[in-house]
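Participant: Sequence and predicted structure are below.
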Number of protein chains: 2
Amino acid sequence: MAHRVVVVGGGFGGLQAVRALRQAPVDVTLVDRQNFHLFQPLAYQVATGALSATEVAAPLRAIFKRQRNVRVVLAEATGIDLERHEVLLSALPNGDEQRPLPYDTLVAATGSRYSYFGHDDWRPYAPELKSLEGALDIRDRILGAFEAAEVERDDAARQAWLTFVVVGAGPTGVEMAGQIAELARDTLSGDFRHVDTRRARVLLVETADRVLTAFAPSLSARAQRSLESLGVTPLVGHTVVAIGPGTVSIKDGAGAVEDVPARTVVWAAGVTASSFAGRLAQAAGAELDRAGRVTVTPQLTLPGHPEVFALGDMVRVGDTLLPGVAPVAMQEGRFVARVIADRVAGRPAPQTFHYRDKGNLATIGRSRAVAEIGPLKASGFPAWALWLGVHIVYLIGFQNRLLVLLRWTGSFLTHGRGARVIGRRATGASGRPAGT
Amino acid sequence: MAHRVVVVGGGFGGLQAVRALRQAPVDVTLVDRQNFHLFQPLAYQVATGALSATEVAAPLRAIFKRQRNVRVVLAEATGIDLERHEVLLSALPNGDEQRPLPYDTLVAATGSRYSYFGHDDWRPYAPELKSLEGALDIRDRILGAFEAAEVERDDAARQAWLTFVVVGAGPTGVEMAGQIAELARDTLSGDFRHVDTRRARVLLVETADRVLTAFAPSLSARAQRSLESLGVTPLVGHTVVAIGPGTVSIKDGAGAVEDVPARTVVWAAGVTASSFAGRLAQAAGAELDRAGRVTVTPQLTLPGHPEVFALGDMVRVGDTLLPGVAPVAMQEGRFVARVIADRVAGRPAPQTFHYRDKGNLATIGRSRAVAEIGPLKASGFPAWALWLGVHIVYLIGFQNRLLVLLRWTGSFLTHGRGARVIGRRATGASGRPAGT
């Protein structure tokens, strides 16, 4: 029987690990609780109606149709038995009880989620962009808020529907805030008869003293100016201290708290590792850091368990903290595949993972972006074109890639967003959007 | 103040009525409980993963952005006060209590839904294709069934996951059955490692003695042969007598009942008018037929209420029963708009609606269709090309039309279906698909 590799998680890291094992004489099982790979950097485009859900989601079975040494299992990994070399799974898709999945080598790549600063009670009022479900929820809420504003007769209540708060000014928060502002000022302008959507306020709340802290301060300043020109109000040095139905409480640098009437909040701050990281750490007696990441060796293995790899947002490599971005996970996935292939072939395997930083990109809106590639800094249209190119190249699945490019071109020329559909769950029979 | 026209329902009929009023000196309010127009003839493409939800749904506000005499209200019409000339609405999108919407002329175009032969308890086991929500539910169930079959070790249980029952062999049922068969035989073949998706059974149950009863018997026979060559088993002269979790009971022409183990059922039979038809009939003392349709005058008005029009699937015009297809509703919508415009202008208005039958089209699968245009009958590729052309021309919203054409071309060339995404609602955290 061939060496059994189980990969848990079909995100960027897991996908690269599986792909890089295509020539290796191993049997790969890819476990994911969803049947698709989400191209997460574009989830915000779904949340603002520019792309449809299926354009940023590629079916895992389609991706690996031709890689004959892979099988895909739709299940959630709920635990691990390090002694017996088994992953515990949730109920199978046919409803059967879980049966443990045996492995010779395990690759854990389950990613991260948002922590809500420990306030899980904020979650219902402030959906996040990590999942496709979250992105669709946000789309329903944003579009529903404009519908509610259209029929609202009270001025103050209408302004609360037209106030959008984005929490966290990393790349996701910046992109989200920029897109909401564009939606209000541009796409939706003229769609409504009573409400002037251009009166929408978009607040971008960030605890640090600047937006996009992963970039050089000069680029942060440019991004901030771009956001302002789009109509976003960046509140740097501010912290969200409470979120309730209809109100967000924001503390400024001096400690004063303002209650902002706002019906729509998007969460994009405070990442924490997925719970599988905790289960791995517990099983192996490994360290977990404050953000729930399990500490792995420089070879990305669990201490004391060279047959268990972990990578991406869920790990900390010794004392180094690599940024929680797709390129890190992808390089780690390829590294792990190489180690596995070398071991199976009896070759000496590399001992230490080295991250090659190829640069940093963030987009703010149409023709607005910032880029940092080594010593090079760019902003405006060149950075945006670069961002577009990189994202299209990395969009997995050719058919999707072409369609997304076409739709973007169309959106760019027409200022339209074709996917402005509010789900039935949100409007329901009563016409009441979610979150009200 | 301009003459106030309220149109209830943004389907084919309502949309045409609103559009045809664009030059008239009237204020139009379009009421719909959803913010989009669903291109229902393609809903089955969403249900089988060929198109994404947003490709068959066009935002109503985008459609009417440039028609300045229209406003769109997102709400459900819950009743009517014929004396006060007011439509009663459900809660508004901002959560406010309903306030009645006054009209000078009302156009009711709320369409139809499936009746389940009076067995509403079957509904949870057999979703229908009338709504986008239903189509997405069916997509999750069909794809989830193959996932369940992949992990099922018991042969009989696996075959139940691989058995799909489509109830009703009108155009929707025939298209659906053909597409499920293609999905199993073609698109998914090779995606799975354990299960042979080509062993899937697709049963198409129809009470009448042939499929597509709206067509000539010779075309029904051709359609049936096409279905059989795709791997569908048409059970004409059969009736579904019970649906439970995992079993469908089917009675044959001789009265014998067989319990077929099947985990996935799609409902496409027994149309009934929307409940708003009943409310209109009750308010006006008008007749309702067995299928819940309100009887209207030849001018499509409610008897005794020339200011209230009703059209499409929800009406019966005197003793005539027109087919429940989009062209009827569209022609009726344009007729009603003309009557309204003539009346407002003080011109004599046409008294009698005449339906111009331009033919009948149904598709079965790639390159397979039947068409009947007056005395002309066609089948195979020519009919399919005609079907494709007609549907693309009528797809509202240019951007969508182009994208759908491209995706179809892509699907046709690659046999792929890009939108094979199972929603979180279906798989949930437990990996358990809906309907299990």
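Facilitator: Good, I have the coordinates. Numbers count the residues shown, from 1 in each chain, chains lettered A, B, ... in the order given.

Participant: where along the stretch 151-300 of chain A do the helices fall?
Facilitator: For the stretch 151-300 of chain A, applying DSSP state H, counting those that start in this stretch gives helices covering A:155-161, A:171-182, A:217-230, A:275-284.

Participant: Determine which of those approaches chain B most closely.
Facilitator: Set against chain B and scored by CB to the nearest CB, these come closest in helix A:155-161, at 6.6 Å. C-betas here are computed from N, CA, C, even on glycine.

Participant: I'd like the helices of the stretch 151-300 of chain A written out as TSV, with mean pLDDT, distance to chain B and mean neighbour count added.
Facilitator: Shown next, in TSV, are these (pLDDT from 0 to 100; distance: least, CB to the nearest CB, whole Å; neighbours: other CB atoms under 10 Å in any protein chain shown):
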stretch	mean pLDDT	distance to chain B	mean neighbour count
helix A:155-161	95	7	17
helix A:171-182	94	15	27
helix A:217-230	94	21	19
helix A:275-284	95	11	20
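
Participant: how near is A:A50 to A:D186?
Facilitator: Note on A:A50: its distance to A:D186, by CB to CB, to the nearest Å, is 11 Å.

Participant: could you dump the helices of the stretch 151-300 of chain A to JSON lines with distance to A:E128?
Facilitator: Output for the helices of the stretch 151-300 of chain A, formatted as JSON lines (distance: least, CB to CB, whole Å):
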{"stretch": "helix A:155-161", "distance to A:E128": "21"}
{"stretch": "helix A:171-182", "distance to A:E128": "9"}
{"stretch": "helix A:217-230", "distance to A:E128": "20"}
{"stretch": "helix A:275-284", "distance to A:E128": "15"}
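
Participant: Quick one: closest of these to B:L203.
Facilitator: For the helices of the stretch 151-300 of chain A, proximity to B:L203 was assessed by CB to CB; helix A:275-284 is nearest, at 41.2 Å.

Participant: which strands and helices sit next to that closest one?
Facilitator: Judged by 3 or more CB pairs under 8 Å, 6 or more residues apart in numbering or on different chains; DSSP states H and E, helix A:275-284 is in contact with strand A:77-81, strand A:105-108, strand A:294-296, strand A:305-310.

Participant: Which one of these lies nearest to chain B?
Facilitator: For chain B, the closest of these is strand A:77-81, at 9.4 Å, according to CB to the nearest CB.

Participant: Is that closest one in proximity to chain B?
Facilitator: No: judged by CB under 8 Å from any CB of the partner chain, strand A:77-81 stays clear of chain B, getting no closer than 9.4 Å.

Participant: Kindly report the same for stretch A:183-194.
Facilitator: Yes: judged by CB under 8 Å from any CB, stretch A:183-194 comes into contact with chain B at A:L188, A:G190, A:D191, A:F192, A:R193, A:H194.

Participant: neighbour-wise, which of these leads?
Facilitator: A:L188 (24 neighbours; other CB atoms under 10 Å in any protein chain shown).

Participant: what sits against that residue?
Facilitator: A:L188 sits next to A:F146, A:T197, B:R61 when contact means CB atoms under 8 Å, 6 or more residues apart in numbering or on different chains.

Participant: okay, these in TSV with pLDDT and distance to B:R22 next?
Facilitator: Shown next, in TSV, are those (pLDDT from 0 to 100; distance: CB to CB, whole Å):
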residue	pLDDT	distance to B:R22
A:F146	95	23
A:T197	93	23
B:R61	91	15
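
Participant: ok, so of these, who is nearest B:A273?
Facilitator: Nearest to B:A273 among those: B:R61, at 27.1 Å, using CB to CB.

Participant: In which helix or strand does the closest residue to A:W384 other than its chain neighbours reside?
Facilitator: Distances taken as CB to CB, 6 or more residues apart in numbering or on different chains put A:A369 closest to A:W384, at 3.9 Å, once the chain neighbours are dropped. Here A:A369 sits within strand A:368-373, counting by DSSP states H and E.

Participant: quick one: average confidence on that strand?
Facilitator: The average pLDDT within strand A:368-373 is 88.

Participant: If you count contacts, what does it end up packed against?
Facilitator: For strand A:368-373, the packing partners by 3+ CB pairs under 8 Å, 6+ apart come out as helix A:217-230, strand A:360-365, strand A:376-379, helix A:381-394.

Participant: Relative to B:G10, which of those is closest?
Facilitator: strand A:360-365 (30.6 Å).

Participant: Other residues contacting that closest one?
Facilitator: Under the criterion CB under 8 Å, 6+ apart, residues A:171, A:174-175, A:178-179, A:181-182, A:212, A:214-215, A:223, A:226-227, A:230, A:325, A:369-373, A:383-384, A:386-387, A:390 lie in contact with strand A:360-365.

Participant: Just give the strands next to it in its sheet, each with its orientation.
Facilitator: Here strand A:360-365 is paired, per DSSP bridges, with strand A:368-373 (antiparallel).

Participant: List the residues that contact A:R334.
Facilitator: A:Q16, A:A17, A:A20 are the contacts of A:R334 under CB under 8 Å, 6+ apart.

Participant: so where is chain A shaky, pLDDT-wise?
Facilitator: Residues of chain A meeting the criterion pLDDT under 70: A:395-418, A:424-436.

Participant: Show me the domain layout of it.
Facilitator: Using automatic domain parsing, the domain parsing of chain A gives A:3-33+A:75-114+A:271-345, A:116-269+A:360-427.

Participant: related to what we said a few turns ago, which stretch among the helices of the stretch 151-300 of chain A comes nearest A:L74?
Facilitator: Nearest to A:L74 among the helices of the stretch 151-300 of chain A is helix A:275-284; the distance by CB to CB comes to 16.2 Å.

Participant: between that closest one and strand A:305-310, how many degrees?
Facilitator: 170 degrees (axes from the mean of the first three to the mean of the last three CA atoms, to 10 degrees).

Participant: With just CA atoms, put helix A:275-284 into PDB.
Facilitator: Extracted as PDB, the C-alpha positions of helix A:275-284 are listed here (Å, rounded to 0.1, in the frame of the first residue of the first chain):
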ATOM      1  CA  SER A 275      -9.700  25.400  16.400                       C
ATOM      2  CA  PHE A 276      -7.900  22.400  14.900                       C
ATOM      3  CA  ALA A 277      -4.600  24.200  15.900                       C
ATOM      4  CA  GLY A 278      -5.600  24.000  19.500                       C
ATOM      5  CA  ARG A 279      -6.500  20.300  19.200                       C
ATOM      6  CA  LEU A 280      -3.100  19.600  17.600                       C
ATOM      7  CA  ALA A 281      -1.300  21.500  20.400                       C
ATOM      8  CA  GLN A 282      -3.300  19.700  23.100                       C
ATOM      9  CA  ALA A 283      -2.600  16.300  21.600                       C
ATOM     10  CA  ALA A 284       1.100  16.900  21.200                       C
END
